[in-house]
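>>> Below: sequence and its predicted model.
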Amino acid sequence: MLETLRKQGASILIYAVFGILIAMFVINFGAQSVGTSEGCTKSAGETIATVDGHDVGAPAWRWINNLLKRYPKEIRAQYALDWLVQRQILMTEADRRGLQVSDDLIDDNIKAGRIYHQGHAEDARGAYFQKHGTDKAPEYFFDYEAFKRLVGDLGFPSVAGFKEQQRKEILAAMALEMIAGSARASKDEARARYVYENNKVSFDLVTFSPVQYAAAMSPSDADLDKWLAAHDADAKAQYDKDKKSYTGTKPTVRLRQIYVAKAEPAKDAPPAAGSGSGSGSAAPAPAAPAKDTGLDKLTAARADIVAKKKTFADVAKTLDSDPAQRNRAGDLGWRPIEDLALGDDKLVAAIKTMKPGDLSEVITTDAGYYLLTVEDKREGDLSYDQVKREIASTLARKAWADEAAKRAALAALEQATAQKKNLSDMFPHGMSPEEKRRIQQELQQRLQMKMQEQGRSGAITVESKDVPAAWTAEADVVPAAGSGSAAPAPAAAPEIKASTDALPTMTEVKVEVIRYSEVRRDARQLGEHPPQDLIAALFDQLADGQLAPRVYKIGDDYAVAQLIKKDAAKPEDFEKIAQSKVADLSAERGERFAARWLHDRCQELSKASRIKYSPKLFETVDDSGKTVQGGYQPCFTLRLPEDEEAEIPAAP
């Protein structure tokens, strides 16, 4: 850094100031400073845990807890102790291997702005360095006073105590690096992995979503009664599960509605033939307003309902302008009187004056014409008999919709196979994922511009996760070099078969074929967890133009697929980046090996009761002021994917 200052023509005064800072640093950080070894005196404080006979002191506990302030209080202690347990295991291994950390190494790291914690170094220059120059060419100068403030903020009364924690953190990081560094990968393995991951496929996909079929269904009361008779135990179990939601309920009403939209205004009539087209010709005469028959139809329908010629539900099935509401016979379900969510104050006002069995007058709004009825009212604690029909409706509709989607997918596959048709010839083409992203981006840009004009901010949320591909097979299987073949195929999913159960009537559900282009094996376009049996079929089993032989599940949806073409990765492209790819594979193997080593060692010590800690670390106070004893399971952050235990709490 001094050489840089000379080249920039810095003044002698700057050199002097910088020299004084360095001198202060050496005096306070040097080997002669007092108390550089936490374990040498009783001043280190009480022991909060022991790991394989080695003490973990309170200073370490304060250090790591201060670093983890972003974590919620209820999990901070568990994370802090778990790292300290791991750190001590790694330090013991470092001692076995003869590793040492000198004060000079600690000083050099601090002077360079490197602070070690939790197994790695972090650039901390922003915390205790002065920054000069520009963002493109910044220069950093050590600030001893800022460093002392940082040490104090981290809970250390002296720099020496901080240095002792750094010694231990560096030892742990060195041991972890040595363990991970024992993993190796060959160039042939890295090449095979590159080819495997960079093969691409283009394919057509038709998905049949139960959600669409649920909306298209019109189950009758007889359908629900039949389902409930066969599945009463399922409905009762659901009631018991949700019983709290049926206790002390506020007044709610069950509503049905018929909505008839207003007629579209007529367009202006074109000029009459022979009227001329010169500048003096008359403008087109406005068309006479079309008679809106919606009001008359709904008024007549109301008269039929009052006269009991038709039921409200029957009229809704034929007259409602909303297809989804027609399928539900106008049923709006149970709604709290305090929040009817009907979209218009006139409708809300009408409902609040009605009793069960009442029929409203025809209500005119800006959107159209409405007729409402209150079928029932309830409040308080609801019995199973009071709610079993709505529970049955929810459960049955879900089961029926799933079955309907499944049957539609199987029928489409059977038709395409028998008639040797392409999916693109059988179904209309839908929007590709790329086109959807483009439209979403355009909408986002428009929204941002609008928000900026109004001095506001906002965003359109895209429901997807861009998760990078990773070579994470626990067995560390790499395709055979030069084979271009995939890792072992996943276990075959159970065959999808349709039942023979009768389904309610439903309107037609329209589905589309979607073209997916140049998809890699991670198949992120199909969601966070793409079906591995479909991926294996597309990449390893099908030839260009071939229809997949079975129906696949993608989430809750059923899908039929047809491979369009494969594009194999070019091994010669690998040669340009071979060195970095070999290093990447070695590093990933090393990380997995080190995680496995640390996991196994920690589990071994835990089972042998060689990890002990103070229960007071996990005491909390509840809202009533009562002390609650929390728990801790050693090594819980070291669980590997195959461990059948609860998930680790999300880190900030």
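Nice, I can see it.

>>> domain parsing for the protein?
As assigned by automatic domain parsing, the chain contains the domains 2-183+595-638, 200-208+423-501+510-555+563-567, 212-264+290-403.

>>> Pull up the distance across the second one, start to finish.
If I follow you right, that is domain 200-208+423-501+510-555+563-567. This stretch, domain 200-208+423-501+510-555+563-567, spans 5 Å end to end (Cα to Cα, to the nearest Å).

>>> Rounded mean pLDDT for that domain, please.
Over the span of domain 200-208+423-501+510-555+563-567, the pLDDT mean works out to 74.

>>> Could you list the low-pLDDT ranges of the chain?
Applying pLDDT under 70 to the chain flags the ranges 1-45, 265-291, 434, 436-437, 440, 447, 450-493, 639, 641-652.

>>> which residues in the stretch 251-400 of the chain form strands?
Taking DSSP state E, counting those that start in this stretch to define them, one finds strands in the stretch 251-400 of the chain at 331-336, 363-364, 368-380.

>>> Of all these, which one is nearest D540?
Closest approach to D540 among those (Cβ to Cβ): strand 331-336, 47.4 Å. Yep, even glycine has a C-beta here, placed from its N, CA and C like the rest.

>>> Pick the most buried one from the strands of the stretch 251-400 of the chain.
strand 368-380 (a mean of 18; mean count of other Cβ atoms under 10 Å).

>>> who touches that strand?
248-262, 294-295, 298, 301-302, 312, 315, 321, 334, 344, 347, 350-351, 354-360, 362-363, 386 (Cβ atoms under 8 Å, 6 or more residues apart in numbering).

>>> contacting residues for the closest residue to Q603 other than its chain neighbours?
Distance criterion Cβ to Cβ, 6 or more residues apart in numbering; nearest residue to Q603, sequence neighbours excluded, is C635 at 5.9 Å. When contacts are counted by Cβ under 8 Å, 6+ apart, C635 touches D82, V85, Q86, H599, C602, Q603, S606.

>>> Output the domains of the chain in CSV, with distance to A578 appended to each entry.
Compiled in CSV, these are given as follows (distance: least, Cβ to Cβ, whole Å):
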stretch, distance to A578
domain 2-183+595-638, 18
domain 200-208+423-501+510-555+563-567, 13
domain 212-264+290-403, 48
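
>>> Output the contacting helices and strands for the helix or strand where A172 lies.
Per DSSP states H and E, A172 falls inside helix 159-180. Here helix 159-180 touches helix 12-29, helix 58-67, helix 73-96, helix 103-111, strand 114-117, helix 144-153, helix 578-607, going by 3 or more Cβ pairs under 8 Å, 6 or more residues apart in numbering; DSSP states H and E.

>>> and E93, how far is that from M174?
According to Cβ to Cβ, to the nearest Å, E93 and M174 sit 10 Å apart.

>>> Show me what V51 is bridged to.
H54, I611 (DSSP bridges).

>>> if I look at it, how far off is L68?
Distance, V51 to L68, by Cβ to Cβ: 19 Å.

>>> Next: G430.
As for G430, its distance to L68 is 47 Å (criterion: Cβ to Cβ).

>>> Settle it for me: which of the two has more neighbours?
The neighbour comparison of G430 against L68 (other Cβ atoms under 10 Å) goes to L68, with 19 against 16.

>>> contacting residues for the residue nearest to the more buried one when sequence neighbours are not counted?
Leaving aside its chain neighbours, L68 sits nearest to R76 (5.2 Å; criterion: Cβ to Cβ, 6+ apart). Residues in contact with R76 (Cβ under 8 Å, 6+ apart) are N65, L68, K69.

>>> so how far is I115 from R76?
Per Cβ to Cβ, R76 is found 19 Å from I115.

>>> and what of P138?
18 Å.

>>> returning to that earlier point: pull out the buried residues from the contacts of C635.
Of all these considered here, the ones buried according to neighbour count by 16 or more other Cβ atoms under 10 Å are D82, V85, Q86, H599, C602, Q603.

>>> just checking, the third one touches I611?
No. With contacts defined as Cβ atoms under 8 Å, Q86 does not count as touching I611, sitting 10.5 Å away.

>>> who touches both of these two?
Any residue near both Q86 and I611 by Cβ under 8 Å, 6+ apart counts here, and that gives C602.

>>> Which neighbouring elements make contact with the longest helix anywhere in the chain?
The single longest helix within the chain, with elements called by DSSP state H, is helix 384-419. In terms of contacts (3+ Cβ pairs under 8 Å, 6+ apart), helix 384-419 is packed against strand 200-208, helix 210-216, helix 221-230, helix 232-241, helix 423-426, strand 557-567.

>>> Same list (these) but as CSV, adding distance to G161 and mean neighbour count.
As requested, those are exported to CSV (distance: least, Cβ to Cβ, whole Å; neighbours: other Cβ atoms under 10 Å):
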stretch, distance to G161, mean neighbour count
strand 200-208, 56, 21
helix 210-216, 60, 19
helix 221-230, 70, 15
helix 232-241, 53, 14
helix 423-426, 69, 16
strand 557-567, 58, 20
